[in-house]
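Chemist: starting from these lines, generate the structure:
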Amino acid sequence: MIEGNTIHRVVFPCRRAFSGWINAKTGEHIAVQPTHWRIWPR
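Modeler: Numbers count the residues shown, from 1 in each chain. Predicted coordinates:
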C-alpha cells in the first residue's frame, strides 16, 4: 500500500467495501491505496 509518500506492506487481511478498504477482521475503515494484493492465507 502507499501511505503518503511511503510504501508499506499491510500485515492484516483487508477487503474492499463501498466506502473504501476495511480491516477484514474488525470492519474498521483504513485509509490506504493498495498497489498489489493477494489471497490472505487462512
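Chemist: what residues does the residue nearest the centre of the chain make contact with?
Modeler: Within the chain, one residue has its C-alpha closest to the average C-alpha position: by Cα atoms, centre = their mean, that is residue 14, at 4.4 Å. With contacts defined as Cβ atoms under 8 Å, 6 or more residues apart in numbering, the neighbours of residue 14 are 21, 22, 23, 24, 30, 32, 34. For every residue, glycine as well, the C-beta is placed using N, CA and C.
Chemist: need these in JSON lines with pLDDT, can you?
Modeler: JSON lines is the format used below for the contacts of residue 14 (pLDDT from 0 to 100):
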{"residue": "21", "pLDDT": "91"}
{"residue": "22", "pLDDT": "94"}
{"residue": "23", "pLDDT": "93"}
{"residue": "24", "pLDDT": "92"}
{"residue": "30", "pLDDT": "89"}
{"residue": "32", "pLDDT": "80"}
{"residue": "34", "pLDDT": "79"}
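Chemist: from those residues, which ones fall inside strands?
Modeler: When DSSP state E is applied, these are split such that 21, 22, 23, 30 fall in strands.
Chemist: between the contacts of residue 14, which is closest to residue 6?
Modeler: Checking the contacts of residue 14 against residue 6 by Cβ to Cβ gives residue 32 as the nearest, at 11.5 Å.
Chemist: can you get me a residue count around the closest residue to that closest one other than its chain neighbours?
Modeler: By the measure of Cβ to Cβ, 6 or more residues apart in numbering, the closest residue to residue 32 outside its immediate chain neighbours is residue 1, 4.2 Å from it. Residue 1 is flanked by 17 other residues according to other Cβ atoms under 10 Å.
Chemist: residue 1 and residue 20, how far apart?
Modeler: Note on residue 1: its distance to residue 20, by Cβ to Cβ, to the nearest Å, is 12 Å.
Chemist: just to revisit the earlier point, can you put the ones in strands among the contacts of residue 14 in a markdown table and add distance to residue 10?
Modeler: Supplementary listing: the ones in strands among the contacts of residue 14 in a markdown table, determined by distance: Cβ to Cβ, whole Å:
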| residue | distance to residue 10 |
| --- | --- |
| 21 | 9 |
| 22 | 12 |
| 23 | 9 |
| 30 | 8 |
